[in-house]
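Participant: Generate a structure from the sequence data that follows.
(2 chains)
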Amino acid sequence: MMRLVFAAAALAATAASADMVYGESPRNFMIEVKAGPYTPLIDRAFDPLKGPFFNTFGNSPLILGEIELDYQIWQKFGSVSVGLSGGYTEKFGRSRDATTGDLALSSTGLRLFPIKLLGIYRFDYFALRKGVPLVPYAKLGLVAMPFSVVNGGTIEVSGGYPAAGARFGAVGVLGLSFLLDVLDQRLSRDFDNSMGVNHSYLFAEFAYQEVNNFHATVAGDLDLSSRHFMFGLGFEF
Amino acid sequence: MAPRLLTETPDMVRFITALSAFMVATAAFAQTTPVTTVTQPLIIRSPSDNLKDTFTFGPDTCAQTLTLNWTYTPSFGVVCSDITFWATDASSCGDAPVGADVPYTSASYATVLSARTGPIYVKVAELPGFVSTTLADGGVTSATTCGAADTYKVHRICGAATAGSLGSCQVFGGATTTKLHASDLKLVYDTQPPSAPVITGSTATNATATIAFTVNADALHVQAITTASTDGGDAASVTHPVEIASTGSAKVTELQNNTTYTVQLRFIDAAGNVGPLSDPITVTPILTYGFWGAYRAAGGTDQGGCSISWGLMPMLAALWFMMRRASR
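Facilitator: From the prediction side, this is the model:
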């Protein structure tokens, strides 16, 4: 416990000196690279333990990778940005014999390409002015999620319907960034002088995502909603 | 202190001596030895594909006269004489035709400078590897007739000229004797069929069989032949379209599920030689379903597609709103 207190005190002392003491370059953008476990809520329209997603892919999540670029349109008490992100994830399992239901030798896979249009607010006032190296933030946006399902290497067709299309929805994100500059301020300044990167962040965020065509479709349609965490690195430049 | 004469400076004397020796050596070297092989300025290629440096052909080309192109692009190396062209079956071109090499019409220096390109006409049946020649001692070299089976023979269409460098045909001591060699074109006559494929595995699902085999560097394509086993005996064999052999995998489609097929593969090389069939294997495609089939079988009603009216419209509206705000 004492160790924790000392660590917190040291961090606070370091952070307190992280105020704007040098002429930094203008900052307009933030780029984030992130990854996290993602399980689409496809089975919530079915019996969760007998749902098609669970039966095909098991209960382990997909690993979603995303890259996001934000443009800051307002900087005063925190910053407001608009952002665009793109990602990719896939998961493969075994096909089944249509006669016996046994596992077959061929594989089947679900591929998702989430695209998001976001509005972002970052409360970085205390991090940049008062030396507290934590930046809470929130994002709201629209999601387009193209998907495809392959079976044996080709797009699967069932009942005459090919397994390719896109689902749309909305996303809300809450996150917390840790300002890495406080760990090495000289390196941070060099990064700004040489590359124009003002600040670097390590972050974790929770996404509440409803991707079911805004509930406009009937129950049983492919539901790519999720509740998932993402972790990553952000660079403000 | 009296000024020292230049010749009195030991370092300067050593420098002038060394420089003189270097210039003499350079001039002598340039006079006697073709020291540089420059390939970029002069290339010989087929007009049908000026990137390929090798063409493989079989017996059906023997009666043809190939029209090739030489192209000269001055760079650091420049041509300073007529360009000589010839065909050889030796492992490299050398500086000029020797022995049984077949010479072709040279390109004059004036043509080289003005047109910078021209044709070379090559009669395939008269390439040196296909023609017997009389030797100085009266003997006759044996040659393979173009069209003979089970033969693999490489010819090179070569070109060379005297070359200068850095845009000049002059060097210390006079005109250059350096040789500029063309980037040659290889003509490979191949009537040796590739070996039989070795099948290493197979999977068969949904009217499709995927056959894995060991890759053969001599094979350009692989082809599957299937025979369905029916109650009344074997049906007629079906020869499937060729596929690229370097993938190590052949996909056989349009099969009947729940029918056993005998599958054999064969390689086809770049000259069109067809190799023997592999040992047969049997496959039985079965109907399978993947996640989409499982989802729909469980009661899923999604029909794919984009649902533009309820899905895309809100996003387009948001984009329109943001663009409108930005334009103000």
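
Participant: how about the residues of chain B that lie near chain A?
Facilitator: When proximity is defined as C-beta under 8 Å from any C-beta of the partner chain, chain B approaches chain A at B:203-206, B:208, B:210, B:251, B:258, B:286-307, B:310-312, B:314-315, B:318-319, B:322. Every C-beta, even on glycine, is put in place using the N, C-alpha and C of the backbone.

Participant: List buried residues within those residues.
Facilitator: Buried subset of these (neighbour count, 16 or more other C-beta atoms under 10 Å in any protein chain shown): B:203-206, B:208, B:210, B:286-298, B:300, B:302-304, B:306-307, B:311-312, B:314-315.

Participant: now chain A, which segments are flagged as low pLDDT?
Facilitator: Applying pLDDT under 70 to chain A flags residues A:1-22, A:48, A:216-220.

Participant: An error on my part: the question was meant for the stretch 201-328 of chain B.
Facilitator: Using pLDDT under 70, the stretch 201-328 of chain B drops low at B:231-234, B:307-315, B:318, B:325-328.

Participant: Pick out the residue of it closest to chain A.
Facilitator: The stretch 201-328 of chain B approaches chain A most closely through B:Gly290 (2.7 Å), counting by C-beta to the nearest C-beta.

Participant: Chain A: strands as residue ranges?
Facilitator: Remark: strands assigned in chain A by DSSP state E are A:29-38, A:62-76, A:78-97, A:103-112, A:115-122, A:134-151, A:154-155, A:157-158, A:161-162, A:164-179, A:199-210, A:226-236.

Participant: could these go into a markdown table alongside mean neighbour count and distance to B:Ile281?
Facilitator: Converted to a markdown table, the strands of chain A look like this (neighbours: other C-beta atoms under 10 Å in any protein chain shown; distance: least, C-beta to C-beta, whole Å):
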| stretch | mean neighbour count | distance to B:Ile281 |
| --- | --- | --- |
| strand A:29-38 | 19 | 40 |
| strand A:62-76 | 16 | 36 |
| strand A:78-97 | 18 | 20 |
| strand A:103-112 | 20 | 14 |
| strand A:115-122 | 20 | 45 |
| strand A:134-151 | 20 | 23 |
| strand A:154-155 | 14 | 23 |
| strand A:157-158 | 19 | 28 |
| strand A:161-162 | 16 | 31 |
| strand A:164-179 | 20 | 33 |
| strand A:199-210 | 19 | 47 |
| strand A:226-236 | 19 | 44 |
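
Participant: With distance to chain B as extra columns, can I get these in a markdown table?
Facilitator: Supplementary listing: these in a markdown table, determined by distance: least, C-beta to the nearest C-beta, whole Å:
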| stretch | distance to chain B |
| --- | --- |
| strand A:29-38 | 16 |
| strand A:62-76 | 9 |
| strand A:78-97 | 4 |
| strand A:103-112 | 3 |
| strand A:115-122 | 6 |
| strand A:134-151 | 3 |
| strand A:154-155 | 8 |
| strand A:157-158 | 5 |
| strand A:161-162 | 4 |
| strand A:164-179 | 3 |
| strand A:199-210 | 12 |
| strand A:226-236 | 16 |
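
Participant: Those strands into CSV, with extra columns for distance to B:Asp101?
Facilitator: Converted to CSV, those look like this (distance: least, C-beta to C-beta, whole Å):
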stretch, distance to B:Asp101
strand A:29-38, 61
strand A:62-76, 60
strand A:78-97, 58
strand A:103-112, 57
strand A:115-122, 64
strand A:134-151, 57
strand A:154-155, 54
strand A:157-158, 62
strand A:161-162, 61
strand A:164-179, 60
strand A:199-210, 67
strand A:226-236, 64
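
Participant: of these, which approaches B:Asp49 most closely?
Facilitator: Closest to B:Asp49 of the strands of chain A is strand A:154-155 (C-beta to C-beta; 32.5 Å).

Participant: Now do the contacts for the residue nearest to the spatial centre of chain B.
Facilitator: Centroid check for chain B by C-alpha atoms, centre = their mean gives B:Lys52 as the closest residue, at 4.4 Å. Applying C-beta atoms under 8 Å, 6 or more residues apart in numbering or on different chains to B:Lys52 gives the contacts B:45-46.

Participant: can we see that at 10 Å?
Facilitator: Residues near B:Lys52 by C-beta atoms under 10 Å, 6 or more residues apart in numbering or on different chains: B:45-46, B:185-186.

Participant: and it, that's in a helix?
Facilitator: No: assignment of B:Lys52 by DSSP: H, G, I helix; E, B strand; the rest coil gives coil, placing it outside any helix.

Participant: do you know how far it is from B:Pro119?
Facilitator: 17 Å (C-beta to C-beta, to the nearest Å).

Participant: what's the answer for A:Ala170, then?
Facilitator: Look at A:Ala170 and B:Pro119: by C-beta to C-beta, they are 68 Å apart.

Participant: just checking, B:Gly305 touches A:Tyr161?
Facilitator: Yes: assessed by C-beta atoms under 10 Å, B:Gly305 is found in contact with A:Tyr161 at 8.3 Å.

Participant: Any regions of the stretch 51-200 of chain B where pLDDT drops low?
Facilitator: Applying pLDDT under 70 to the stretch 51-200 of chain B flags residues B:133-136, B:138-142, B:166-167, B:170-176.

Participant: Report the closest residue of it relative to chain A.
Facilitator: Nearest residue of the stretch 51-200 of chain B to chain A, counting by C-beta to the nearest C-beta: B:Thr200, 14.7 Å away.

Participant: tell me which element that residue is part of?
Facilitator: Assigned by DSSP states H and E, B:Thr200 belongs to strand B:199-205.

Participant: now the angle from that strand to strand A:78-97?
Facilitator: Counting by axes from the mean of the first three to the mean of the last three C-alpha atoms, to 10 degrees, strand B:199-205 lies at 100 degrees to strand A:78-97.
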